[in-house]
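Asks: this is a predicted model, with the sequence first.
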Amino acid sequence: MIQFKLEGEFIPLIQLLKATGLVGSGGDAQTAVEDGTVKCNGEVEFRKRYKVRVGDIITFGQDKIEVI
């Protein structure tokens, strides 16, 4: 599990995927979200600008990100 320390109130979902290195570009992140391969707290998330906050668990393939 990847632990990501959030600096502000939130981070947009596609930026989080880029910041953790799980995707190579913003376009790849957008495609992943649009294809329904990203889950937020166990639910498929289709909103690219979803505001990820402390305590959220993001799942992308076999990878999990815990936002702390």
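Replies: In hand now; what should we look at?

Asks: and the strands in the chain?
Replies: Counting by DSSP state E, the chain has strands at residues 2-4, 11-12, 38-40, 43-44, 51-52, 57-60, 63-67.

Asks: dump those into CSV; add mean pLDDT and distance to Thr31 as well.
Replies: Quick note: C-beta positions are derived from backbone N, CA and C, even for glycine. Formatted as CSV, the strands of the chain follow (pLDDT from 0 to 100; distance: least, Cβ to Cβ, whole Å):
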stretch, mean pLDDT, distance to Thr31
strand 2-4, 97, 20
strand 11-12, 97, 15
strand 38-40, 98, 10
strand 43-44, 98, 15
strand 51-52, 98, 18
strand 57-60, 98, 12
strand 63-67, 98, 16
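
Asks: just the CA atoms of the longest helix along the chain, as CSV, please.
Replies: Using DSSP state H to define each element, the chain has its longest helix at helix 26-34. Output of helix 26-34 as CSV, limited to C-alpha atoms (Å, rounded to 0.1, in the frame of the first residue of the first chain):
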residue,chain,number,x,y,z
GLY,A,26,-2.5,13.1,-17.0
GLY,A,27,-4.0,11.6,-20.1
ASP,A,28,-3.3,8.1,-18.8
ALA,A,29,-5.0,9.1,-15.5
GLN,A,30,-8.1,10.4,-17.2
THR,A,31,-8.4,7.3,-19.3
ALA,A,32,-8.1,5.1,-16.2
VAL,A,33,-10.8,7.0,-14.4
GLU,A,34,-13.1,7.0,-17.5
